[in-house]
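Asks: structure, please.
(one chain, ligands or ions: 1)
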Amino acid sequence: MQVRILNIGGINRELVLSLEKGITIYRAPNAYGKTSLSKALVSLLTNEITAEDLLNVFSDEGFVEIEMDGKKYFRRLKRIKNRILEEKNLIADDKNATLLSYFSPENPLIARIITGDENIEWFISSTSRIDELKRRRESLIMKLEEVKSNYNNLLRTYDDIKKIANELENINLEIERLEKEKENVTVQTEQTIKITRQNRIVEIRERIQAKIKELKEKETKIQKLTQELEELKGKANIELKDKLTKEIQEIDRELDSLINRQNSIEIEQGVLTRILQDIQEAERIHSSMCPVCGSKVEPDLWKVRFETVKKDINELDRTKNDIINNINKKKMRRSELLQKVKEIERTEELIAQKSKALENLNIEASVINRTIEALQKQLKSLEERVESTYEVESKDNDIDKRIEELRKRRSDLELQLQQLGIPKKVAEEIESLKKQIDDINKQIDDINREYIRRLTVVKEEFETLSNSILKELEFNYTAEIDEKYRLVIKKDGVTMELRRLSTSEKTTLALILILVGLKEYFKAPFFIIDESFMTFDQKRFSRVLKYLNGIVDYVIITKSDETLQVKTERLLETRELPVLS
Ligand SMILES: Nc1ncnc2c1ncn2[C@@H]1O[C@H](COP(=O)(O)OP(=O)(O)OP(=O)(O)O)[C@@H](O)[C@H]1O
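Replies: Model prediction:
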């Protein structure tokens with residue numbers, strides 16, 4: 001492995017080292033830059049050592065570079081203003097590098113153990129990456145929750161989709177059914193209407209026939225009545241009636257006159273009769289004074305006078321009888337005439353009645369005619385409509401309305417479906433989420449297993465290794481890790497507090513812990529030991545080195561040597577060391 005370093009830490013002149021696999025001791029005086037070299041090498045294993053930690057504060061540029069197995073790893077630093085730009089190619093980037101590849105007072109584990117801190121949970125968690133596992137598990141659990149929630153949401157969505165799809169299917173079926181029904185209803189309605197209209201046509205035709213018959217009857221009646229009327233009108237001679245009326249009026253006048261004459265004669269007769277009675281009385285008494293006028297009358301004359309008055313009375317009787325005869329004749333004639341007038345009037349009345357009847361018949365006939373015309377129009381229209389297609393009526397309208405509603409619902413559902421996603425895709429997504437859930441569960445299971453394994457391994461490995469190394473190094477105590485991840489030290493079966501151990505014993509325990517971590521959890525090509533604080537005897541140290549050499553390719557030990565400028569040497573006498581694995 002070729003190493004080149006410039007302006008890293010205290011190394012302000014280019015340091016070039018050629019290291020062989022195995023154990024190399026780097027000797028240099030104090031403050032020469034051993035820690036800087038170690039830091040530079042460890043910085044190739046982790047970004048935890050920052051550019052600011054590395055670059056010499058007095059320099060603007062620096063680098064650490066190694067060439068190993070034909071590959072170059074480097075960190076090249078350049079200060080520009082207040083920032084350090086860095087170009088790098090690391091061997092690894094592991095937080096545990098500072099814990100597990102550099103054994104120096106700066107290593108926090110060593111610092112803690114030396115102070116007697118038995119709690120090594122932090123070290124185990126960090127090196128075995130249990131924390132990382134926990135974090136991974138937590139993040140996986142969170143992810144699992146998220147995926148499960150997505151999965152459940154999608155299941156609900158899918159459920160909704162299925163429901164909508166079902167409803168859509170039902171709607172489609174119903175629309176189909178309704179459309180068929182509509183077709184049937186249309187046909188049925190058309191047929192029904194057709195039948196109804198045909199029946200109506202027949203009915204109308206029958207009614208027209210009946211009306212025509214009725215009209216003919218009326219016309220016959222009209223004809224007959226007209227004839228009768230003509231005949232009656234012939235009989236009812238108005239002129240004759242007028243003539244007769246006038247004659248009656250004339251007769252009435254004559255009768256009045258005759259009756260007056262008769263009355264006058266009867267009055268006259270009455271007067272004459274009373275005179276006659278007076279004359280008879282005067283004769284009987286031989287009166288010589290006229291009872292009427294008071295004049296002197298010869299009693300012999302009473303007779304003559306009687307005869308004369310009697311004659312006058314008789315004459316008046318004849319006249320009166322003539323008048324009465326005349327009156328009777330006139331009355332008879334009047335009655336005849338009146339009879340004739342009445343006859344004419346009766347005929348006239350009959351004519352009026354018949355005329356009224358004729359008028360009614362004519363009105364009826366014209367009504368029948370109009371009815372026939374209206375029926376014929378209806379008939380014509382029905383005959384035309386019977387062959388034409390008809391609008392589907394109320395039931396059809398109901399179906400249309402329902403179909404319209406269903407179509408609207410269908411388009412709403414289709415929109416919802418569009419928003420929810422394509423069922424197949426959602427199903428695929430569900431399937432994929434299901435796989436993810438299974439996968440995450442598996443990962444969590446793996447982590448749980450790994451978690452237990454790591455804990456078990458750390459404990460077991462530590463116990464095996466520590467007791468083997470402690471034995472090899474001829475320490476007379478054993479070490480374990482309890483369930484609380486505390487170091488439990490026992491000497492002759494008695495538990496001892498860590499702080500009671502000697503510094504070399506504590507340093508050894510720290511080293512054993514680092515070796516377990518290094519072996520199990522950290523792959524690094526080199527391990528650097530600052531020997532300055534190692535209080536082992538050379539024999540024990542050689543055994544530790546031998547073991548280390550079995551784990552990493554390059555073991556680099558930095559040593560202070562004030563007599564030397566700088567020296568690297570290979571440590572060869574490791575053959576007698578036991579091989580621990
Ligand atoms: N980043 C830095 N910039 C400048 N000088 C530094 C830096 N880091 C360390 N130094 C100095 O570089 C010198 C070398 O220090 P370093 O710790 O590497 O030496 P060392 O050989 O390990 O010494 P010791 O044997 O005493 O531990 C010291 O004087 C130190 O103060």
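Asks: switch to C-alpha atoms for all contacts and neighbour counts from now on
Replies: Noted.
Asks: and the residue of the stretch 301-450 of the chain found nearest the ligand, how far from Phe462?
Replies: The ligand sits closest to Glu450 of the stretch 301-450 of the chain, with a gap of 39.0 Å, by Cα to the nearest ligand atom. Using Cα to Cα, to the nearest Å, we find Glu450 at a distance of 17 Å from Phe462.
Asks: the residue of the stretch 451-581 of the chain found nearest the ligand: neighbour count?
Replies: Of all residues in the stretch 451-581 of the chain, Ser560 sits closest to the ligand, at 5.5 Å by Cα to the nearest ligand atom. When counting by other Cα atoms under 10 Å, one arrives at 18 neighbours for Ser560.
Asks: likewise Asn82?
Replies: By other Cα under 10 Å, the residues close to Asn82 number 6.
Asks: and it, its phi and psi?
Replies: Phi and psi for Asn82, reported as degrees, to the nearest 10, are phi -100, psi 0.
Asks: kindly report the same for the one 5 residues further on.
Replies: Dihedral angles phi and psi of Glu87 (degrees, to the nearest 10) take the values phi -120, psi 130.
Asks: measure it to Glu61 for me?
Replies: 11 Å.
Asks: who has more neighbours, these two?
Replies: More crowded of Glu87 and Glu61, by other Cα under 10 Å: Glu61, with 19 against 13.
Asks: what's the local residue count around the residue of the stretch 301-450 of the chain closest to the ligand?
Replies: By the criterion of other Cα under 10 Å, Glu450 has 17 neighbours.
Asks: next secondary structure element downstream of the longest helix along the chain?
Replies: Ranked by residue count under DSSP state H, the longest helix found in the chain is helix 130-235. Proceeding N to C from helix 130-235, the next assigned helix or strand is helix 238-285, under DSSP states H and E.
Asks: next one: that next one to chain centre, how far?
Replies: Averaging C-alpha positions (Cα atoms, centre = their mean, to the nearest Å) puts helix 238-285 121 Å from its chain's average.
Asks: for the following helix or strand past it, packing partners?
Replies: Stepping forward along the backbone from helix 238-285, the first helix or strand reached (DSSP H and E) is helix 301-385. Helix 301-385 is packed against helix 130-235, helix 238-285, with contacts defined by 3 or more Cα pairs under 8 Å, 6 or more residues apart in numbering; DSSP states H and E.
Asks: and these: which comes nearest the ligand?
Replies: Distances from the ligand to each of those were compared by Cα to the nearest ligand atom, and the smallest falls on helix 130-235, at 31.0 Å.
Asks: remind me what that closest one packs against, helices and strands.
Replies: Contact partners of helix 130-235 among helices and strands, from 3+ Cα pairs under 8 Å, 6+ apart: helix 121-127, helix 301-385, helix 394-420, helix 423-472.
Asks: name the residue closest to the centre of this protein, please.
Replies: Centre of the chain computed as the mean C-alpha position; nearest residue by Cα atoms, centre = their mean is Asp412, 5.7 Å away.
Asks: can you say which of the helices and strands packed on helix 130-235 is packed in most?
Replies: A comparison of the helices and strands packed on helix 130-235 by mean neighbour count, using mean count of other Cα atoms under 10 Å, puts helix 121-127 on top with a mean of 19.
Asks: which residues does the residue of the stretch 451-581 of the chain closest to the ligand contact?
Replies: With contact set as Cα atoms under 8 Å, 6 or more residues apart in numbering, Ser560 has these partners: Arg27, Ala28, Pro29, Asn30, Ser532.
Asks: among those residues, which are in reach of the ligand?
Replies: Among the contacts of Ser560, the ones lying near the ligand by Cα under 6 Å from any ligand atom are Asn30.
Asks: closest to Met332 out of the contacts of Ser560?
Replies: Using Cα to Cα, Ser532 is the member of the contacts of Ser560 that lies nearest Met332, at 191.3 Å.
Asks: and Ile80, what are its bridge partners?
Replies: The partner list for Ile80 in beta bridges (DSSP bridges) reads Arg83.
Asks: how near is it to Glu86?
Replies: The gap separating Ile80 from Glu86 is 10 Å, by Cα to Cα.
Asks: those two: which is more packed in?
Replies: A direct count of neighbours by other Cα under 10 Å for Ile80 and Glu86 places Glu86 higher, at 16 against 10.
Asks: if we ignore the residues flanking it in sequence, what's nearest the more buried one?
Replies: Leu77 (4.6 Å; Cα to Cα, 6 or more residues apart in numbering).
Asks: for the one you found, which three-state class applies?
Replies: The local conformation at Leu77, judged by DSSP: H, G, I helix; E, B strand; the rest coil, is strand.
Asks: surely it meets Glu87?
Replies: Yes: taking Cα atoms under 8 Å as the contact criterion, Leu77 and Glu87 are neighbours in contact, 6.6 Å apart.
Asks: sorry, back to before: turn the helices and strands packed on helix 301-385 into CSV, columns for mean pLDDT, mean neighbour count and distance to the ligand.
Replies: Putting those into CSV (pLDDT from 0 to 100; neighbours: other Cα atoms under 10 Å; distance: least, Cα to the nearest ligand atom, whole Å) gives the following:
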stretch, mean pLDDT, mean neighbour count, distance to the ligand
helix 130-235, 85, 16, 31
helix 238-285, 86, 16, 163
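Asks: to Asp439, which of the ones you listed lies closest?
Replies: Asp439 lies closest to helix 130-235 among the helices and strands packed on helix 301-385, at 9.5 Å (Cα to Cα).
Asks: could you tell me how far that closest one lies from the centre of the chain?
Replies: Shown here is helix 130-235, whose average C-alpha point lies 25 Å from the average C-alpha point of the whole chain (Cα atoms, centre = their mean).
Asks: so where's the stretch 401-550 of the chain uncertain?
Replies: When the per-residue scores of the stretch 401-550 of the chain are filtered using pLDDT under 70, the ranges that remain are 533, 535-536.
Asks: return the nearest residue of the stretch 51-200 of the chain with respect to the ligand.
Replies: Minimum separation of the stretch 51-200 of the chain from the ligand (Cα to the nearest ligand atom) falls at Asn56, amounting to 3.6 Å.
Asks: relative to Pro105, how far out is that residue?
Replies: Taking Cα to Cα as the measure, Asn56 and Pro105 are separated by 21 Å.
Asks: same question, Glu428
Replies: Distance from Glu428 to Pro105, counting by Cα to Cα: 58 Å.
Asks: minimum distance to Ile11: which of the helices and strands packed on helix 301-385 has it?
Replies: Closest approach to Ile11 among the helices and strands packed on helix 301-385 (Cα to Cα): helix 130-235, 35.2 Å.
Asks: now the angle from the closest one to helix 423-472?
Replies: Computed by axes from the mean of the first three to the mean of the last three Cα atoms, to 10 degrees, the angle separating helix 130-235 from helix 423-472 equals 170 degrees.
Asks: is it true that Glu61 touches Ile80?
Replies: No: between Glu61 and Ile80 there is no contact, the gap being 9.2 Å when judged by Cα under 8 Å.
Asks: residues from this structure in reach of the ligand?
Replies: When proximity is defined by Cα under 6 Å from any ligand atom, the chain lies next to the ligand at 9-10, 30-36, 54-57, 560.
Asks: among these, which ones are buried?
Replies: Judged by neighbour count, with 16 or more other Cα atoms under 10 Å as the criterion, the buried members of the residues of the chain next to the ligand are Gly9, Gly10, Tyr32, Gly33, Lys34, Thr35, Ser36, Leu54, Leu55, Asn56, Ser560.
Asks: please consider this matter closed, and thank you.
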